[in-house]
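Novice: Task: produce atomic coordinates for the following.
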Amino acid sequence: MNGVLNNVLRRLVGALMARRWTQVLVLVVAAGLAAAGAIDFGEPAAQARPGPAGAASVAGGYELTGRVVRVADGDTFNLLVQGRQQRVRLASIDAPEVGKDRERPGQAYAQASRDALAALIAGRTITVACFERDRYERNICEVPLEGGTTANRKQVQSGMAWANMEGRGKFMRDGKLPELERQAKADRQGIWREPDPVPPWVWRYQCWQKQRC
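Specialist: Numbers count the residues shown, from 1 in each chain. Below is the predicted model of the structure:
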C-alpha cells in the first residue's frame, strides 16, 4: 500500500507543478482513499481452478472419492463420483500407449500396463489426491494404496510405466519415481525387457504425429 500511496503523491506533485487543478482534486481524493485502504491498485489475485463437482478441497489441491468403473490404460481410469464419471490421470507417470487406430498404433506392454493398473484398483472404492485438471478435463492425481505406496509408484516400480520426464520433468511431482524407474530398469521389469523401449511422449510425437513408427 505504501508504494501505491507514494505513486499517487508523485503524480499529485506533478499535477500541481503543471497547475492541472481538476487532476489535482482527483489525485487528492485518490491519495486519501489509498491511505485509508479503501481502494486497492494492486493486481487481481489469481483464481485457483476449482475441482469438479463432488471434490473435497484439501491443502494443495482436492480429493475425489468414488468407485473405479473403467481402466482405460496404464495411467488413466474413470472414477464414479456422486453419480458422475470423472476421468483420472495418474500424476508423474506415463504408461505405454494403447492403439487408437491405424494411424496411431499402440506400444509394447500397453495391455500389460492396463491390466496391472486394473489389478490394483478396478472395481474398488478409492480416494485420490488431485493437483489440478488439465486441458482435457482429466484430474491429475496421486492414487494411494494400502501400505503407504501409490498406484503411480507401483506402475513405475513394476516396469509398467515411465517416470514422466517429458519437458525435462515439468510434470514430475513425486521425486522418488526416477529412482524407482532406475531400479525397474536394472531388474529388467516389464517395459525394460525390451531392447530399446520408446517413452510414450516420444512415441506420440514420432509415431502418431510424424508417422515414423
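Novice: contacts, neighbours, all on C-alpha from now
Specialist: OK.
Novice: surely residue 87 meets residue 79?
Specialist: Yes. Using C-alpha atoms under 8 Å, residue 87 is in contact with residue 79, at 6.4 Å.
Novice: more neighbours, the two?
Specialist: Between residue 87 and residue 79, counted using other C-alpha atoms under 10 Å, residue 79 has the larger neighbour count: 27 against 19.
Novice: you'd agree that one is in a strand?
Specialist: Yes. Membership of residue 79 in a strand is supported by DSSP: H, G, I helix; E, B strand; the rest coil.
Novice: Phi, psi for the nearest residue to it once chain neighbours are set aside please.
Specialist: With sequence-adjacent residues excluded and distances taken as C-alpha to C-alpha, 6 or more residues apart in numbering, residue 79 is closest to residue 68, at 4.6 Å. Here the main-chain torsion angles of residue 68 (degrees, to the nearest 10) amount to phi -70, psi 120.
Novice: Next up, the contacts around residue 68.
Specialist: 77-80, 121-126 (C-alpha atoms under 8 Å, 6 or more residues apart in numbering).
Novice: Pick out whichever of those residues sits closest to residue 164.
Specialist: Distance to residue 164, by C-alpha to C-alpha, is smallest for residue 77 among the contacts of residue 68, at 17.4 Å.
Novice: thought that closest one was touching residue 67?
Specialist: No. Residue 77 lies out of contact with residue 67 (C-alpha under 8 Å); the separation is 10.4 Å.
Novice: Neighbour count for those two, which is higher?
Specialist: Using other C-alpha under 10 Å, the more surrounded residue of residue 77 and residue 67 is residue 77, with 23 against 20.
Novice: In contact with that one: list those residues for me.
Specialist: By C-alpha under 8 Å, 6+ apart, residue 77 lies in contact with 68-71, 87-89.
Novice: Sweet, I'm off.
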